[in-house]
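Trainee: Got a sequence here, can you model it:
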Amino acid sequence: MLQDNFLEVYDKFKLEFFRRIFELVREREGSLTAMEAFSIEIIHALNEPTIGRFAEFLNISQSNATYKVNSLIKKGYLKKQNSDTDRREYHLVLSEKYYNYTDIMRSYVKTVLGRIEESFSKEEIELFSSMLMRISAEMMPEAGNFE
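Mentor: As a prediction, the model looks like this:
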């Protein structure tokens with residue numbers, strides 16, 4: 001029962017996310033491809049990674065990662081910022097255009113969270129939040145730490 005309930009919620013979030021990506025891809029000229037949308041979300045989760053870190057996370061070649069990154073830079077979703085510690089290295093920084101895009105993508109999460117706040121007590125929400133933090137920190141080691 002727990003597995004079925006968890007998968008149902010996970011699938012709903014995932015499918016809504018995919019649906020919104022494809023709506024964006026279909027409706028806007030010069031917008032992100034589906035693969036670029038996934039790539040930019042990974043870069044966001046990795047918190048200003050280097051291209052090497054991005055490539056390593058996806059288990060792809062550095063040249064493949066560079067190609068994806070250059071496309072995102074050309075479309076205005078990413079910028080390169082030199083590292084403070086090593087000027088030969090640079091980090092991938094999300095642009096204002098990304099944050100405009102992500103607001104559309106994350107609106108469903110905000111909608112669901114609003115419904116949770118209306119439907120559950122403060123104590124239930126605190127317990128749920130605590131459980132999510134623990135699941136993320138302790139029970140998903142293969143997903144990695146994105147910070």
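
Trainee: in the chain, which residue is closest to the centre?
Mentor: In the chain, the centroid-proximal residue (Cα atoms, centre = their mean) is E41; its distance is 3.2 Å.

Trainee: in the helix or strand where that residue lies, what's buried?
Mentor: Using DSSP states H and E, E41 sits within helix 34-46. Using 16 or more other Cβ atoms under 10 Å as the burial criterion, the residues of helix 34-46 that qualify are 36-41, 43-44, 46. For every residue, glycine as well, the C-beta is placed using N, CA and C.

Trainee: so where is the chain shaky, pLDDT-wise?
Mentor: Within the chain, the segments meeting pLDDT under 70 span 24-30, 105, 144-147.

Trainee: can you give me the helices in it?
Mentor: Along the chain, the stretches classed as helices by DSSP state H are 2-27, 34-46, 51-58, 62-74, 96-119, 122-138.

Trainee: Ok, which of these comes nearest Y90?
Mentor: The closest of these to Y90 is helix 51-58. By Cβ to Cβ, the value is 7.8 Å.

Trainee: Contacts for that closest one, please.
Mentor: Contact partners of helix 51-58, identified using Cβ atoms under 8 Å, 6 or more residues apart in numbering, comprise 39, 42-43, 46, 49, 61-62, 64-66, 69, 90, 92, 144.
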